[in-house]
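Visitor: I'll drop the sequence and a predicted model, then ask my questions.
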Amino acid sequence: MPVKIRLQRHGKKGKPFYWIVAADGRSKRDGKLLEKLGTYNPNTNPATINLDIDGTVKWLQNGAQPTDTARAILSYKGAMLKNHLAGGVRKGALTEEQAEEKFNTWLDEKAGKITAKADGLSKVKADAKTKALEIEKEVNEKRKAVAVEETVVEEAKAKTEEVAEEAPQTIDEAAAEAKGEETSDTEASKEEE
């Protein structure tokens, strides 16, 4: 029976969640499994991976073949390295302590890289939030300036309307006065003749 280490899809549509499983290579993708080795959630950034490294190494040593994606995940978590180091111990190239020391050193370096990436992502997110806040402040300032201009324009219109209401009376009065002066001027010129 050829055993494969592969991903078994769970989760809802558009939000996949995977189990990392050891299963018969002839079974369906989401079918019967031999052992659940871990989980993989690609929806988070960075992706969340929980893996039983010792159980995975046991399956690898018994001849289980990982799929390409599963191999990448196992390599990322260090299961492939631990299997490689276990092979070196079996052949006598390394002692158990040396292999454990190399594996722990690698885990520490990997944890440092992961935390650096998470910190970088949180910094980028914070910078984006700060920029969005600055843009929003600028928009609010522009809105306030437009509102002030609108109130000034409305006040100017109100004053213009007041002046316009008073102006026709003065114009009419001025016209009446002008007619009165014209009639008096014409009468005066007639009298002179």
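Guide: Happy to help now that I have it. Bear in mind that the values here come from a model prediction, so they are computed numbers and not experimental data.

Visitor: switch to C-alpha atoms for all contacts and neighbour counts from now on
Guide: OK.

Visitor: what pLDDT, on average, does the helix or strand harbouring E97 get?
Guide: Assigned by DSSP states H and E, E97 belongs to helix 96-192. On average, the pLDDT along helix 96-192 is 79.

Visitor: next one: it to chain centre, how far?
Guide: Offset of helix 96-192 from its chain centre (C-alpha atoms, centre = their mean, to the nearest Å): 28 Å.

Visitor: report the central residue of this protein.
Guide: K125 (7.0 Å; C-alpha atoms, centre = their mean).

Visitor: now it: how far from A132?
Guide: Distance from K125 to A132, counting by C-alpha to C-alpha, to the nearest Å: 11 Å.

Visitor: what's the answer for P2, then?
Guide: 54 Å.

Visitor: just W106 next, same as before
Guide: From W106 to A132 the distance is 39 Å (C-alpha to C-alpha).

Visitor: state the phi and psi torsions of K12.
Guide: Backbone torsions of K12, given as degrees, to the nearest 10, read phi -100, psi 180.

Visitor: and what of A72?
Guide: Backbone geometry at A72, expressed as degrees, to the nearest 10, gives phi -60, psi -40.

Visitor: do D52 as well
Guide: According to degrees, to the nearest 10, D52 has phi -80, psi 100.

Visitor: quick one: contacts for it?
Guide: Contacts for D52 (C-alpha atoms under 8 Å, 6 or more residues apart in numbering) come out as 37-38.

Visitor: now it: how far from G38?
Guide: Separation of D52 from G38 (C-alpha to C-alpha): 6 Å.

Visitor: for T39, name its beta-bridge partners.
Guide: W19, N50 (DSSP bridges).

Visitor: T95: neighbouring residues, count only.
Guide: A count of neighbours around T95, defined by other C-alpha atoms under 10 Å, yields 15.

Visitor: you'd agree it is up against V89?
Guide: Yes - counting by C-alpha atoms under 8 Å, T95 does reach V89; the two are 5.7 Å apart.

Visitor: my guess is G55 meets G38, correct?
Guide: No - counting by C-alpha under 8 Å, G55 does not reach G38; the two are 9.6 Å apart.

Visitor: run a quick neighbour tally on the residue lying closest to Y18 once chain neighbours are set aside.
Guide: The shortest distance from Y18 to any non-neighbouring residue, by C-alpha to C-alpha, 6 or more residues apart in numbering, is to R9 (4.6 Å). By other C-alpha under 10 Å, 14 other residues sit near R9.

Visitor: assign R9 to helix, strand or coil.
Guide: strand (DSSP: H, G, I helix; E, B strand; the rest coil).

Visitor: from V152, how far out is K159?
Guide: 11 Å.

Visitor: ditto for L33
Guide: To V152, L33 is 76 Å away according to C-alpha to C-alpha.
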